[in-house]
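Visitor: Build me a model from this:
(3 chains)
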Amino acid sequence: MKRNSLILLLAAFLTACVTINIYFPAAAAQEVADEIIDDVWQLKQGEAEDDAAAQENTNAETPAEK
Amino acid sequence: MLRGKTIKLICKTWSALLLLLLSHMAHAVSTIEISVESVDSPVGQLKDAKFHVDLKGKKPKLKLSAAVKPQNEPNFMPFKLSCGTLFSEQVGYIDCFDGQLESEIIQAPFSLHIAKLRDQFSLDVLFNGADFSDAAGLHAGDGLIGDLQLTAKRAGALWQWDGKLSWDQGEVFWQPYYFGDAGNVLEAKGAFTEELIKVEEASLKVKTVGEIKAAAQINTKTKVLEDVKVSAKDVDFNGLYTLVLKPKLERSAFGNLLVSGKANWQFEMQQLQPTSFELNLENANIQDQNGKFSFKQMNAHIPWDYDVPQNISLDYASGFLLDMPLGKTKLNAEVNRYALTAPTLTLPVFNGALNFKEVSAAWLGENWFWHLRMNLTPVDLNQFSKALGWPEMKGQISGEVPLVTYANKQLNMDGAMTFNMFNGKVGMNNLRIDDPLGVVPKLYADLTVRNLDLGELTRTYSFGAIEGQLDGDVKDLVLENWKVVQFDASLETNENEQRKKISQRAVENIASLGGQGTAAALQRTFLRFFDEFNYEKIGISCQLRQDVCNMGGVASTEGGYIIVKGSGIPAVNVNGYTKKVSLSDLIARIKRITDRNTEVIVE
Amino acid sequence: MKKILLSAYLVFAFVLTGLAQAAPNLEINTPAINALKSSMQKRHNQLAPHYQSGAVGLTKNGMIAIRDAKAVPLKHRQGINQLVAAENADRGKLYKEIAVANGHPEWESGIRDSFAGRWIDKAKSGWYFQGKGGWVKK
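Guide: Next up, the predicted model:
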């Protein structure tokens, strides 16, 4: 667990150094476009609700962690 | 004799054609076919016309195909016209039953009666399910069933005409106007010459509105409506708004309203330029469907004249503007061509009032530009905070703003609004609001906080008692859609208050903002025996960007910051170590604490 | 009692959610973007029949345009210009707000391009979009 997060952190750090603020994040833009279009056009209604429910669960649990 | 034969003729002129047609009608001919290469007239051209008259049945049948090009149109348009039954037994009279007119832009089953004498002309067309549409679909009708009667008499070079158009079914869209409910009647009379059509007394009775009267001149060459006068007296405001005003206001804040009441309206235009206008409203209700504003029981007298300054007046019993309730209001102003001025306008809000002075506004290039001075007769903060859905506060808001400007959908305030609250003052400076009535209103401001009484504050929100006074600044505050997304805030206690005490519960509550783990920390030490502690300073700072708050305190420590710096014996310090905090989480936690504490105060 | 014991340090340590994982994604959860989204969502019920009838089509640059006003019932033809103008105003603001919310106003055109492609990809069959040679029915 700890090792994983360390690797993640390192990876985040490395990628941050290389890409951040330089290139337009095309893939991320596509992702947010998809998310917004699904909302606006009310596509995938069922899935969206499931996602929201899952999100709430994690939010409710985390404050209890130390 | 030409019995049983077909007459085929090729004609060059229109009069020759008519003559032939009429003179042979009496003879027993089975079919007549006439082709005309082209006909010119002042109103347009006709070409490739083919007449086919079938005389075999009891009554003759007519078929006509041709292409027509009205004057000033670029292209010829082919059309077909037929009559199931054609009467033309007397010279000058034509009856056509089961008629059908077909072209690209029109499909119309009809019956027709024409009487054309030397100086007189009358026409009666019954159309029975007519559809028409121009190429772009901007002038169109669907399923029209109705009656058009037109008579004209010659008086010298002038023709006097009189017409009535009524329809019982169908709908018409004539950009930007839509007539959906049938039962409308248009009556008009006037005169025409070759260059000019005069409409002298037109009356349009629209079922949903009432009667609209109009007069106009149409230049037949330019097709321009030269002089137009329209008036509607004592009509239904909703009908008038939907039919006439809404299409013209669609891009403004008044384009999506629900209205009711009575209205008088008149309008004059010369050479396509408006010259005068008047709108009177009686007991009208206006409600923005986007929920930005509403006015109840409004009476308005809004005259306007291109040349003569006019006084407008408006009053309403109640209303709201962006969640802010408006009391009974009476407004007067002078309008001079494209400028509006008023020495004072008073807008009662809550128990106080917004007083606008030296108001001046101008309508330039489809936009309003305003500037004015403003002061606020003190408003009860308790009502204000409740109305805006803020945490409940006690105190008053007042202010004096030397200059407010509104231009390009941007509201700017030079000067300060003061919120007197918790025995101290919060000043708001450099207020700017972008697009206040739009989808994404944005508010920018700087706040200064002085001598806020922490005792009052903590009692109001049941946070646990803290004695002291708070100073600070909130710079570069930004609200998007009235929600906070940015500020640089720094608040700390000052030295004005001698008694600087913090209760044990307040310490616990501050600590518990950090999460569940720290909440009971104090309880585990001997400090639980003390009710309150002395402090040297309490302070917190936050640089907010979107939802992330970059935290700080009264001083830094290694890897953290001090929120409460204790003094004396025993001293309690509260330190923070998390630099980045989610503002929404923080607010949720504060709310949980104050809610819980309010519940606990049963004693 | 010793003096040292008389002062206690309480730690104000936030247990935070969500902040750490924000790295590679674009921020779209801002009040401005949410307001635009809900404004467009509300309008969609009115626009959907016009996409279906071909009256309104999706343009190459992430906007919409009137393709054939005649496909709109007369009753609704009056409002169609306003509907399209309002939608385009919201879409323009949306692209700008996403760029601004992520601290890169210069990304606006890139974001617009990404959306333009995705609106068309996600359009239902029968809707029209602007191809290279003009309107194409999907």
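
Visitor: which residues touch the nearest residue to B:Asp54 once chain neighbours are set aside?
Guide: Of all residues not flanking B:Asp54 in the chain, B:Lys61 sits nearest, at 4.2 Å (C-beta to C-beta, 6 or more residues apart in numbering or on different chains). Yep, even glycine has a C-beta here, placed from its N, CA and C like the rest. Neighbour list for B:Lys61: B:53-54, B:82-86 [criterion: C-beta atoms under 8 Å, 6 or more residues apart in numbering or on different chains].

Visitor: From these, pick the one nearest B:Trp368.
Guide: Closest approach between the contacts of B:Lys61 and B:Trp368, by C-beta to C-beta: B:Ser82, at 56.3 Å.

Visitor: Need the residues that contact the helix or strand harbouring the closest one.
Guide: Here B:Ser82, judged by DSSP states H and E, is contained in strand B:77-87. Strand B:77-87 is contacted from outside by B:48, B:53, B:59-69, B:93-106, B:112, using C-beta under 8 Å, 6+ apart.

Visitor: which residue is nearest the middle of chain C?
Guide: C:Leu94 (5.0 Å; C-alpha atoms, centre = their mean).

Visitor: give me the element that one is part of.
Guide: Applying DSSP H and E, one finds C:Leu94 within helix C:74-101.

Visitor: And the average pLDDT for that helix is what?
Guide: Throughout helix C:74-101, pLDDT has a mean value of 93.

Visitor: other SSEs contacting the longest helix anywhere in chain B?
Guide: Within chain B, and with DSSP state H defining each element, the longest helix by residue count is helix B:583-600. Judged by 3 or more C-beta pairs under 8 Å, 6 or more residues apart in numbering or on different chains; DSSP states H and E, helix B:583-600 is in contact with helix B:504-512, strand B:548-553.

Visitor: dump the residue contacts of B:Val426.
Guide: So B:Val426 contacts B:418-419, B:447-450, B:452 (C-beta under 8 Å, 6+ apart).

Visitor: mind checking which helix or strand of chain C has the lowest mean pLDDT?
Guide: strand C:7-12 (a mean of 55; mean pLDDT, DSSP states H and E).

Visitor: same for the helix or strand just after that one, what does it pack against?
Guide: Next in sequence after strand C:7-12, counting helices and strands by DSSP H and E, comes helix C:31-53. Applying 3+ C-beta pairs under 8 Å, 6+ apart, we find helix C:31-53 packed against helix A:26-40, strand B:469-480, strand B:483-493, strand C:56-58, helix C:74-101.

Visitor: Could you see whether chain B lies near the fourth one?
Guide: No: judged by C-beta under 8 Å from any C-beta of the partner chain, strand C:56-58 and chain B are separated, with a smallest distance of 12.9 Å.

Visitor: Off-centre distance for the host helix or strand of B:Val404?
Guide: Using DSSP H and E, B:Val404 falls within strand B:395-407. Between the centre of strand B:395-407 and the centre of its chain there are 27 Å (C-alpha atoms, centre = their mean, to the nearest Å).

Visitor: okay, that strand in CSV with CA atoms only?
Guide: Presented in CSV, the C-alpha positions along strand B:395-407 are these (Å, rounded to 0.1, in the frame of the first residue of the first chain):
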residue,chain,number,x,y,z
GLY,B,395,-26.9,43.9,12.2
GLN,B,396,-27.5,46.4,9.5
ILE,B,397,-26.2,47.2,6.0
SER,B,398,-25.8,50.8,4.9
GLY,B,399,-23.7,52.5,2.3
GLU,B,400,-22.9,55.5,0.2
VAL,B,401,-21.7,54.9,-3.3
PRO,B,402,-20.6,57.9,-5.2
LEU,B,403,-20.7,56.3,-8.6
VAL,B,404,-22.4,53.2,-10.0
THR,B,405,-22.0,52.5,-13.7
TYR,B,406,-23.5,49.8,-15.9
ALA,B,407,-22.2,49.3,-19.4
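
Visitor: strands paired with the helix or strand following that strand, and their directions?
Guide: Next along the chain after strand B:395-407, taking DSSP H and E as the criterion, comes strand B:410-421. In the sheet, strand B:410-421 lines up against strand B:395-407 (antiparallel), strand B:424-434 (antiparallel) (DSSP bridges).

Visitor: Would you convert those strands into JSON lines that also reports mean pLDDT?
Guide: Below are these laid out as JSON lines (pLDDT from 0 to 100):
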{"stretch": "strand B:395-407", "mean pLDDT": "89"}
{"stretch": "strand B:424-434", "mean pLDDT": "93"}
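
Visitor: Mind putting these into TSV with distance to B:Ile145?
Guide: Below are these laid out as TSV (distance: least, C-beta to C-beta, whole Å):
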stretch	distance to B:Ile145
strand B:395-407	50
strand B:424-434	51
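
Visitor: Low-confidence bits of chain C, can you list those?
Guide: C:1-24 (pLDDT under 70).

Visitor: Which residues of it lie near chain A?
Guide: Proximity of chain C to chain A is confined to C:15, C:17-18, C:23-26, C:28, C:33, C:37, C:40-41, C:44, C:94, C:98, C:104, C:107, C:110-111, C:114-115, C:117-119, C:122 under the rule C-beta under 8 Å from any C-beta.

Visitor: make it 6 Å
Guide: C:15, C:17, C:23, C:25-26, C:28, C:37, C:40-41, C:44, C:107, C:110-111, C:114-115, C:118, C:122 (C-beta under 6 Å from any C-beta of the partner chain).

Visitor: Of the residues you listed, just the buried ones, PyMOL syntax please.
Guide: The buried subset of the residues of chain C next to chain A, as determined by 16 or more other C-beta atoms under 10 Å in any protein chain shown, is captured in PyMOL by this line:
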select buried, chain C and resi 15+17+26+28+37+40+107+110+111+114+115+118+122
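
Visitor: Which is the succeeding secondary structure element to the helix or strand harbouring B:Leu123?
Guide: For B:Leu123, the host element (DSSP H and E) is strand B:120-133. Remark: after strand B:120-133, the chain's next helix or strand is strand B:139-155, criterion DSSP H and E.

Visitor: can I get the CA coordinates of that following strand in CSV?
Guide: Extracted in CSV, the C-alpha atoms of strand B:139-155 (Å, rounded to 0.1, in the frame of the first residue of the first chain):
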residue,chain,number,x,y,z
HIS,B,139,-43.3,33.6,-44.1
ALA,B,140,-45.6,30.6,-44.0
GLY,B,141,-49.1,29.5,-43.4
ASP,B,142,-50.6,26.0,-42.7
GLY,B,143,-54.1,24.7,-43.1
LEU,B,144,-55.7,28.0,-43.6
ILE,B,145,-59.4,28.1,-44.0
GLY,B,146,-60.9,31.5,-44.5
ASP,B,147,-62.2,34.2,-46.7
LEU,B,148,-60.7,37.1,-48.5
GLN,B,149,-63.0,39.9,-49.8
LEU,B,150,-61.6,42.8,-51.7
THR,B,151,-63.3,45.5,-53.6
ALA,B,152,-61.7,48.4,-55.5
LYS,B,153,-63.2,51.5,-57.3
ARG,B,154,-61.3,53.8,-59.5
ALA,B,155,-61.3,57.5,-58.9
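
Visitor: Does chain C have contacts with that strand?
Guide: Yes: using C-beta under 6 Å from any C-beta, strand B:139-155 comes into contact with chain C via B:140, B:142.
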